[in-house]
Each structure stands twice: as C-alpha cells, then as structure tokens.
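1. pasted the sequence and its predicted model underneath.
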Amino acid sequence: MAVFGMAMISAPAPSLYPFDQYRLWLGVGGLATLADGTSVELRPESLAGRVVTFQNRIPDIIMDAPTSIAPETVSVAADPFGFLAVQALTFERPAYLKVLAVVLVVLIAISASLALFTRGIDELALGFGGIILGVWVCARSSCRNHSPRSPPLTWRCPG
C-alpha cells in the first residue's frame, strides 16, 4: 500500500514575529497494490475506523486542534487520486512570547526615555545600544527552556 499526501502552507511575513500564524492543509490519499500487481485507489470506505495521529514537535509553536475540510472541495481534475481526508492545521506562537515582546518594547522605550532625560549626548551614544542588547539577550535566554508542547491530537477517518 502506498499512501500519498499533499501539503499547502501559508507563511506570514517574518516581521510579524511573535504574532505570526501558520496554516497547513494536509491531504491524505493513496494507492493499494493488490496481490496480482494491480493498483487500486484507496477509498474512504476501505479505511473506515482507522486513526491518523498528529503531534506538534516544533519548539515555541502551539498547534490548534485540526479541523476537517471536505476532500471534494480541494480536489482538482489534475490530481492523480482522490483524497481520503483533508485536515487544516493552524500553528501559532504561545501567549508568553507575545506578552514578552510587548513588555520588551515597553521596557526599551522606558529605558530610552530615561536615558534621554538623565544623560548627556556623549553618554547616550555609548550606553543606549548596550541597554537594548542586554535586555533582549537576558529576556530571550530566560524563556528559552519554557516552551510548552502541544499534546498529540487524533482524528478518525470518515466512514
């Protein structure tokens, strides 16, 4: 038995980090080779009750529950076979990364305004870049080991 898949992903702009969101459509279909050597397209009826499992293994990304898409709505005439099932998967960053980004921008703005009003221009040129770099490095390294993992999700083949 050969099982084939189709994937279509939408990639947002890198400037949206950590507010980016990825969408993936995953279609599963295939061919079964019989004992006499002939190939038969797999149909949903032949896989009734089978289970397909998804698990997110990407660090710092959370996978939402998969949503089913009707296979006939994404099929085109040029497809070599029909899809048994199509799932839409959505991935996004955890909330703590979004909060961290906002807090860092606010802290950098406060630090910059305090430095602007309390130091001379010659001291500003040397100190401001170090403050920004120090805040960013400390914040990123302290949260690196706290990435939540999504539990595995399962769904049953239609039929």
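-> Done, it's in. As the structure is a prediction and not an experimental result, all values here were calculated from the model.
2. beta partners of the closest residue to residue 74 other than its chain neighbours?
-> Leaving out its chain neighbours, the residue that sits closest to residue 74 by CB to CB, 6 or more residues apart in numbering is residue 86, at 5.4 Å. All C-beta spots, glycine's among them, are computed from the backbone N, C-alpha and C. Per DSSP bridges, residues listed as beta-bridge partners of residue 86: residue 27, residue 69.
3. and the strand or helix carrying residue 98, what does it pack onto?
-> Residue 98 is part of helix 95-118 when elements are defined by DSSP states H and E. Contacts defined by 3 or more CB pairs under 8 Å, 6 or more residues apart in numbering; DSSP states H and E place helix 95-118 against helix 121-143.
4. what residues sit buried inside the helix holding residue 98?
-> 97, 100, 104, 111 (16 or more other CB atoms under 10 Å).
5. measure the residue nearest to residue 74 to residue 80 for me?
-> Remark: distance between residue 86 and residue 80 (CB to CB, to the nearest Å) = 15 Å.
6. which residue is nearest the middle of this protein?
-> With distances taken as CA atoms, centre = their mean, residue 91 lies nearest the centre of the chain, 3.0 Å away.
7. residues in contact with the helix or strand harbouring that residue?
-> Secondary structure from DSSP H and E places residue 91 in strand 85-92. With CB atoms under 8 Å, 6 or more residues apart in numbering as the test, strand 85-92 has contacts from 20-28, 44, 52, 54, 56, 58, 61-64, 66-71, 74, 155, 157-158.
8. fine by me, we can end here.
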